[in-house]
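*Asks:* Task: produce atomic coordinates for the following.
(2 chains)
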Amino acid sequence: MANKLLSTEKLSIGCVAPPGASLVNKTGAWRTQRPVFKQKDCIGCRACDLACPEGCVFGDPKKKQFDFDPDYCKGCGICAAECPVDDIDMVMEEK
Amino acid sequence: MAETQEILEGAMAVAHAVARCRPEVIAAYPITPQTHISEELSQIVADGDLDAEFVKVESEFGAASVVCGASAAGARTYTATSSQGLLLMNEVLWNIAGMRLPVVLACANRSLSAPLSIWCDHQDAEAIRDCGVIQLYAEDNQEACDQHLIAFKVAEDRRVLLPAMVNLDGFLLTHVFEPTIIPDQALSDQYLPPYKAVLKLDIDDPATFGAFTEPDKCMEGRWMVHDACRRSLPVIEEASAEFEKVFGRASGGLLENYKTDDAETILVAKGSISGTIKDVIDEMRDEGTKVGLMRIKTYRPWPGEAVLAALKGAKQVAVIERGGSFGAGGIMTPEVKETLYDAGLRIPVSGFCVQLGGREVPPDGIREIIDRVSSGEKQTAYEYFRLKQELLPDLVPEV
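*Replies:* Okay, the predicted model is just below:
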């Protein structure tokens, strides 16, 4: 960002922010549940990947292996609900 | 060049005063009693007398959104609305204030539904009181015109950068013909140089306005709106003083104190009702009653210090309102009380809603209020003045 009035540390007048803030802000912290991709019965249909509202399920249909990006996954469970072979579990996020 | 006075309808006069401010983008949706302002502005643009984009929109939400975006892109912007239209703008106005965009708008003050009414009260503007929009109130059409120039000046000041709204009473001002001076173009240009945005939308240097904040930053983001609004108080005074210097007539400012210096009873009001109140004060002064009026010209930010200075010598205060907080008391009345209470003063303050939906307030009503509070009558609750009990049904209907 060329404008010297903007920074990522401080707020600016009008809360104007440089672009790309969603890359900096890891919004996955909102999650209370996380998906577990069991990678046992996957048929590579991509239902999980296509249904994810955050676009954070990734994988290779040929290898029938999918997983999620924990930095942005909100734990909504849509991938698990849509999986036709029940190959994704939702478990409590515990630290 | 000498400015000339013309007999003009309030809304027409405001439209021409706004054109003198050279807004670059105007978006508005018609609503009674505001319509003549935007209608005339659209004519001025169509005639080629103002180099501006007049954007026709589908609603007031659209109008507010257009001026929000245009202002963020660096344009001087204007819109006008009223009543339900202002409430439809509500969501966007909070954003405009939070993004610190100096949009100027007019509100032709009108009642809110239901019941449906097109006539004047202040509930519309008071409903958006807390969003960070600067609110100025005019007593007459000249002041409504002049306050538009002051509004742009203050809104665009780098110490402020907030939207500003000029309130003029629906019909009582918008549709009334008065001798009015339309500010001279050369003087207006001298007073109001072109707007230069501090931050603006630029495709070559992208930015997000009003960005997402986590809980650890949001309060500071909102507080800056509060801070900027408070900061605009001296800027409004400066801009009003400069207005007088450039145009040679006093206009704007925070308050008008009318015969308050030695007054035992001081009324507080805003808008066109102040004319009636001043007439009654003149009569009662002749009869020996020490009464005065503190007229609020700047309602947001609340000019607390000036209010305190005006009221501190009074024996009793009566706040004349055109609105109320249903289920509680008045709108301005508790603000007056807070100002006095914080200063350790226990001057009795009574609050009266004298009018909703355009009911006429005759001078004898104002006189009755002055007589009652001057005689030491203590109020126990905000009063809806001269409520017609005979119109009311059984308030808990039997099935």
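*Asks:* For chain A, which residue occupies the most central location?
*Replies:* A:C73 (2.8 Å; C-alpha atoms, centre = their mean).
*Asks:* check contacts around that residue.
*Replies:* A:G28, A:R31, A:R34, A:P35, A:E54, A:C56, A:V57 (C-beta atoms under 8 Å, 6 or more residues apart in numbering or on different chains). To be clear about C-beta, it is placed using only N, CA and C from the backbone, and glycine gets the same treatment.
*Asks:* One more: B:A228?
*Replies:* B:R100, B:G132, B:R159, B:V160, B:L161, B:L162.
*Asks:* any idea what sits nearest B:L8, other than its immediate chain neighbours?
*Replies:* B:T180 (4.9 Å; C-beta to C-beta, 6 or more residues apart in numbering or on different chains).
*Asks:* ditto for A:R31
*Replies:* Nearest one to A:R31, counting by C-beta to C-beta, 6+ apart, is A:G75 at 3.6 Å.
*Asks:* re earlier: against A:C79, how distant is the residue nearest to the centre of chain A?
*Replies:* A:C73 sits 9 Å away from A:C79, taking C-beta to C-beta, to the nearest Å as the criterion.
*Asks:* okay, and the common contacts of those two?
*Replies:* A:P35, A:V57.
*Asks:* and the nearest residue to A:A80 once chain neighbours are set aside, how many neighbours?
*Replies:* Residue nearest to A:A80 in three dimensions, not counting chain neighbours: A:I88, with 4.1 Å by C-beta to C-beta, 6+ apart. Neighbourhood size, A:I88 [other C-beta atoms under 10 Å in any protein chain shown]: 23.
*Asks:* Can you give me the separation between A:I88 and chain B?
*Replies:* 29 Å (C-beta to the nearest C-beta, to the nearest Å).
*Asks:* That residue contacts A:R34, doesn't it?
*Replies:* No: using C-beta atoms under 8 Å, A:I88 is not in contact with A:R34; the gap is 10.4 Å.
*Asks:* before we move on, what SS does B:M224 have?
*Replies:* Under DSSP: H, G, I helix; E, B strand; the rest coil, B:M224 falls in the helix class.
*Asks:* that older thread, can you pick out the most distant pair from the contacts of B:A228?
*Replies:* B:G132 and B:R159 (14.6 Å; C-beta to C-beta).
*Asks:* which one of those two has more residues nearby?
*Replies:* Just comparing B:G132 and B:R159: by other C-beta under 10 Å the higher neighbour count belongs to B:G132, 22 against 12.
*Asks:* wait, what's in contact with the more buried one?
*Replies:* B:W94, B:A97, B:G98, B:L162, B:P163, B:V225, B:H226, B:A228, B:C229.
*Asks:* Tabulate the residues you listed (JSON lines), appending pLDDT and secondary structure.
*Replies:* As requested, those are exported to JSON lines (pLDDT from 0 to 100; DSSP: H, G, I helix; E, B strand; the rest coil):
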{"residue": "B:W94", "pLDDT": "98", "secondary structure": "helix"}
{"residue": "B:A97", "pLDDT": "98", "secondary structure": "helix"}
{"residue": "B:G98", "pLDDT": "97", "secondary structure": "helix"}
{"residue": "B:L162", "pLDDT": "98", "secondary structure": "coil"}
{"residue": "B:P163", "pLDDT": "98", "secondary structure": "coil"}
{"residue": "B:V225", "pLDDT": "98", "secondary structure": "helix"}
{"residue": "B:H226", "pLDDT": "98", "secondary structure": "helix"}
{"residue": "B:A228", "pLDDT": "98", "secondary structure": "helix"}
{"residue": "B:C229", "pLDDT": "98", "secondary structure": "helix"}
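*Asks:* B:G344: which of those residues is nearest?
*Replies:* B:H226 (24.0 Å).
*Asks:* Next up, the contacts around that closest one.
*Replies:* B:G132.
*Asks:* can you list the weak-confidence ranges in chain A?
*Replies:* Flagging of chain A using pLDDT under 70 yields the residue ranges A:1-5, A:7-8, A:95.
*Asks:* how about the helices in chain A?
*Replies:* A:21-24, A:47-51, A:78-82 (DSSP state H).
*Asks:* Touching the second one from outside, list them.
*Replies:* What it means is helix A:47-51. A:F37, A:V57, A:F58, A:G59, A:F66, A:I78, A:C79, A:A80, A:E82, A:C83, A:P84, A:I88.
*Asks:* Can you say which of these are buried?
*Replies:* A:F37, A:V57, A:G59, A:F66, A:I78, A:C79, A:A80, A:C83, A:I88 (16 or more other C-beta atoms under 10 Å in any protein chain shown).
*Asks:* now the residues you listed in a markdown table, with distance to B:D205?
*Replies:* Below are the buried ones among the contacts of helix A:47-51 laid out as a markdown table (distance: C-beta to C-beta, whole Å):
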| residue | distance to B:D205 |
| --- | --- |
| A:F37 | 40 |
| A:V57 | 33 |
| A:G59 | 37 |
| A:F66 | 38 |
| A:I78 | 36 |
| A:C79 | 37 |
| A:A80 | 42 |
| A:C83 | 43 |
| A:I88 | 42 |
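*Asks:* Of those, which pair is most distant in space?
*Replies:* So, those by C-beta to C-beta: farthest apart are A:G59 and A:I78, at 15.4 Å.
*Asks:* Please tell me how far B:A125 sits from A:P84.
*Replies:* Distance, B:A125 to A:P84, using C-beta to C-beta: 57 Å.
*Asks:* scratch that, B:E390
*Replies:* Taken as C-beta to C-beta, the span from B:E390 to A:P84 is 71 Å.
*Asks:* Those residues of chain B touching chain A, which are they?
*Replies:* When proximity is defined by C-beta under 8 Å from any C-beta of the partner chain, chain B lies next to chain A at B:98-101, B:161, B:198-199, B:205-214, B:217, B:220-221, B:224.
*Asks:* tell me the contacts of residue 56?
*Replies:* Went with chain A since none was named. Per C-beta under 8 Å, 6+ apart, neighbours of A:C56: A:F68, A:D69, A:D71, A:Y72, A:C73.
*Asks:* that's the wrong chain, I meant chain B
*Replies:* B:A27, B:S42.
*Asks:* what is it paired to in the beta sheet?
*Replies:* Counting by DSSP bridges, B:K56 forms beta bridges with B:A28.
*Asks:* per-residue confidence for it?
*Replies:* Looking at B:K56, its pLDDT reads 96.
*Asks:* Please apply the same query to the one 5 residues further on.
*Replies:* As predicted, B:F61 sits at a pLDDT of 98.
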